[in-house]
Every structure is written in C-alpha cells, then in structure tokens.
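Trainee: What follows is a predicted structure for the sequence shown.
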Amino acid sequence: MALRMYEEKDHVAAYLQYRVTPEEMINRIMDFMKPKTQQKFNLAVDVGCGNGKGTILLAPFFDQVVGTDVSPAQLEMAQANSLCSNVTYRQCPAEELPFESSQVDLVTAMTAAHWFDRPRFLNEADRVLKSNGCLALLSYTMDMELEYGDATSALNNICDELYAALRPFKNPCLGSSSSKIYFDMFESCTYPDKEWNGSLRVNRTVTVNSFIGMVETFTSYQKLMRQDAAEAKRLSDDIRNKLMAAMQVSSPDTELTMVVRYFYMFARKP
C-alpha cells in the first residue's frame, strides 16, 4: 500500500520554499525522449507531483501536463502557484491513474516513487504509456554536502552529525538506501531501452538558514518534531550555530554551496 505523506499545510509550505527544483533533470528527461520521435509531445503525467515545482517545468514540452497527488494540501499549493495554462492537477493514488490505456507520452515521478506501492505503480505506468512513451523516475539522497572555502571539510563533518541524529527517525520503508529502491525498479523494468544513473551531482547556492529549512522538511525531522518539538528545535539551532562557527560568519543568511546527488532511471516502452 502506498504511503500518505506531506498532508500538513505548514510542512507543505516549507517543502515548496526549501526543496530543490529539478531543472537539470527535466533537460535529461527530454534528451532521452527526443531521439526516438520527432513528433510534438501531447501528454505528460507527473505522479506524486506535490507542490508542482517539477510539474510546471514540463509545460514547454507538452500540449498538456497533469500533476497527480493524494495530498489535498499539496495540490492546493500546486494550483495556487501554477501560471501555466496547459498544466492541471488531479487528486488520485499513484497506482490508479485516471487515464485511458496507451494515452500518455511521459510518466514521471520526482522524489516521490519511494512512497508508492511500486509494483502496482509500474504496472499502472505501463498501462497508460503509449508505445515509445517514457517512464522517468528520479530522486536524490538526503545527505547533501556543503562547500564553503577552507571550511568545507568541517561543514560536512557537522552535516554527518546532523544526518546521524535523524537516522533513527527514518521511515522503515526507505530501507538503508533510497537509491537502491530506484535501482530495483530499474532492474525490474522489462523495457529493453532504459538508462540508469546512480550519482549526478547538482550544485545549488543556499543560505545556512535555507539548508536548515530544507532538512526540516525531511520526514525524519518531521517525525522527531512530532515526538519531541523541543529536541528538534535544539538540533536545528545547534547545527546552524556549528555551521556558522565553522564558516566564521555571524549571519545565517550567509550563502554557501549545497551539493545534491540525484539518481534516476529512464525507460522507453516498446
């Protein structure tokens, strides 16, 4: 059974503000799709679309883009922030997509498929995809690295401390490695034309505060906060102060580089 996540409005708003937008990944998806067809693409479906930050990036390439999610709070945020006339949203489970068979050019899920009932979702994606339609599943690891001049090594030791503190609160369904979940889906996909990349490094300029804000959107941090809000706040404050001390700065709005490691699978239906 798929899991329901990101239902609380405060969590959804923080997710929209702090989570990484996958611009580079959209270009890779389109590069994979284009060599085998010159026709204009009709329909893309972004499953588990959340706040729609990735969904709207598909708009220039398709006549119609539909984002689907089970969370009303996420869809409300997506609709409020969508300015694209060819993008719409539907509430439904990932395993029960409201499309006819062989109708969809692209089924994608960005940082979401690990929450699905994966065998059922893959069967459903296969049902709705056209011949030569593509499946694109991507996510990133939750152990971002930080870079700031000579302080880089110290910053990542502090990050390791943070990730270790959150590890006991990790959802058991994610197992020891989220990338393994996606590689297992890649291995189980029977389409002969497929591609796997286990480590694509993407850099983002963030502030100390926005890095902490992103970590606070993790489901592990949210679980800690529900169990002990004071301890969660103490952890955030302690890590923020340690990062600033290592950087020798006084403002949490100081910018640094965050390195995100994406992994993805692309596959084309015969």
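Mentor: Nice, I can see it. Numbering: from 1, shown residues only.

Trainee: who's in contact with stretch 117-137?
Mentor: 1-2, 29, 32-33, 36-37, 45, 47, 94-97, 99-109, 113, 181-182, 184-185, 188-189, 191, 264-270 (Cβ atoms under 8 Å, 6 or more residues apart in numbering). In short, each C-beta sits where N, CA and C put it, glycine included.

Trainee: Now which of those residues would you call buried?
Mentor: Taking 16 or more other Cβ atoms under 10 Å as the criterion, what is buried in the contacts of stretch 117-137 is 2, 29, 32-33, 45, 47, 94-95, 97, 99, 104-109, 113, 181-182, 185, 189, 191, 264-269.

Trainee: Go through the residues you listed and flag which are in helices.
Mentor: Among the buried ones among the contacts of stretch 117-137, the members found in helices (DSSP state H) are Ile29, Phe32, Met33, Ile181, Tyr182, Met185.

Trainee: And the furthest pair within these?
Mentor: Greatest spatial distance among those (Cβ to Cβ): Met33 and Ile181, at 23.4 Å.

Trainee: pLDDT on stretch 205-216, on average?
Mentor: For stretch 205-216, mean pLDDT is 94.

Trainee: how about the strands in the stretch 151-270 of the chain?
Mentor: 193-207, 255-268 (DSSP state E, counting those that start in this stretch).

Trainee: what does the stretch 1-150 of the chain give?
Mentor: 41-47, 62-69, 87-91, 104-110, 129-140, 145-147.

Trainee: now the shortest one: how far from the chain's centre is it?
Mentor: Relative to the centre of its chain, strand 145-147 is centred 19 Å away, using Cα atoms, centre = their mean, to the nearest Å.

Trainee: if we can go back for a sec, figure out which of the strands of the stretch 1-150 of the chain is closest to Glu255.
Mentor: strand 145-147 (10.9 Å).

Trainee: hmm, who's touching the closest one?
Mentor: Contacts of strand 145-147 (Cβ under 8 Å, 6+ apart): Thr152, Leu155, Asn156, Cys159, Phe211, Leu243, Leu256, Thr257, Met258, Val259.

Trainee: Tally up the residues packed near the fifth one, please.
Mentor: Put plainly, it is Phe211. 23 (other Cβ atoms under 10 Å).

Trainee: From Phe183, how far off is the residue nearest to it when sequence neighbours are not counted?
Mentor: Using Cβ to Cβ, 6 or more residues apart in numbering and skipping residues adjacent in sequence, the residue nearest Phe211 is Met258, 5.9 Å away. The gap separating Met258 from Phe183 is 24 Å, by Cβ to Cβ, to the nearest Å.

Trainee: Now do stretch 65-76: distance to the chain's middle.
Mentor: 14 Å.

Trainee: Start and end of that stretch, how far apart?
Mentor: 17 Å (Cα to Cα, to the nearest Å).

Trainee: Show me what counts as buried in that stretch.
Mentor: For stretch 65-76, by 16+ other Cβ under 10 Å, it's Val65, Val66, Gly67, Thr68, Asp69, Val70, Ser71, Ala73, Gln74, Leu75.
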